[in-house]
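[1] would you be able to build a 3D model of this:
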Amino acid sequence: MSCNALMAAILTEAARLRQMRAMCRHTLTDADPEDADARACLAAYYAELARLFDTGFDVGRSRDLEARDMRPPRGAFLIARGTEGAAAGCVGLKGTGGPEAEIKRLWVAPGARGAGLARALMAAAEDRARDMGITVLRLDTNRVLTGAIALYRATGWSEIPAYNDEPYAHHWFEKRL
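    Residues are numbered from 1 along each chain as shown. Okay, the predicted model is just below:
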């Protein structure tokens, strides 16, 4: 095995271990996208985007999602909870009722970052999509979210041309399941 192949295998195993560690400290639960914990996660996410984006962030200008698209049987909304039960992250699976869906609003609380929780949320969303018969996932993201972009690339997402007119997006990704 070459040195590069060995390093890649070690990095892959390290990522898998971080994800397992995050899962030991957090429980992923299905939630209604309009319940109090979901709204709290989304409010924290939107506030963070407003601080990070050069132009700020106004959810009213964004291609915001409709809650019905993130409820079974069309989609899902997942919340990560710490051992004390507090919400520590979320991700939405916005379905269309067909074979394609969109990942929306992946967010992890600052105090829970670095342990693989975002990766675990994405893996769970992909599993839910497979269970629903979804074969293609897409997402868009802003250029300042470099950690998210790195995560998508590291977990098999491919950059594609723009598939929507999201005003805050600079990168678009797709993953075939």
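[2] where does the protein have low pLDDT?
    Confidence mapping of the chain against pLDDT under 70 gives the ranges 1, 4-25, 64-65.
[3] how about the helices in the protein?
    Assigned by DSSP state H, the chain shows helices spanning 3-25, 36-52, 117-131, 146-154.
[4] report the contact partners of the spatially most central residue of the chain.
    Nearest residue to the geometric centre of the chain (Cα atoms, centre = their mean): Leu106, 3.2 Å. Residues in contact with Leu106 (Cβ atoms under 8 Å, 6 or more residues apart in numbering) are 89-91, 118, 121-122, 139, 148. (Each C-beta comes from the backbone N, C-alpha and C, glycine too.)
[5] for the nearest residue to Asn142 once chain neighbours are set aside, give me phi and psi.
    Distance criterion Cβ to Cβ, 6 or more residues apart in numbering; nearest residue to Asn142, sequence neighbours excluded, is Tyr168 at 5.2 Å. Main-chain torsions, Tyr168, degrees, to the nearest 10: phi -100, psi 0.
[6] quick one: Tyr168 and Leu145 touch, right?
    No. Using Cβ atoms under 8 Å as the test, Tyr168 is too far from Leu145 to be in contact (9.8 Å).
[7] is it true that Ala112 touches Gly82?
    Yes. Proximity of Ala112 to Gly82 meets the contact threshold set by Cβ under 8 Å, at 7.0 Å.
[8] circling back to that earlier point, need the max-distance pair from the contacts of Leu106.
    Maximum pairwise distance among these (Cβ to Cβ): 15.7 Å, between Gly89 and Leu139.
[9] could you report the neighbour count for the residue nearest to Trp107 when sequence neighbours are not counted?
    With sequence-adjacent residues excluded and distances taken as Cβ to Cβ, 6+ apart, Trp107 is closest to Tyr45, at 3.9 Å. Look at Tyr45: counted by other Cβ atoms under 10 Å, it has 19 neighbours.
[10] same deal with Leu42?
    Here the count is done by other Cβ under 10 Å, and Leu42 has 21 residues near it.
[11] mind checking how far Gly116 is from Ala148?
    14 Å (Cβ to Cβ, to the nearest Å).
[12] more crowded one of the two?
    Between Gly116 and Ala148, Gly116 has the larger neighbour count (other Cβ under 10 Å), namely 24 against 19.
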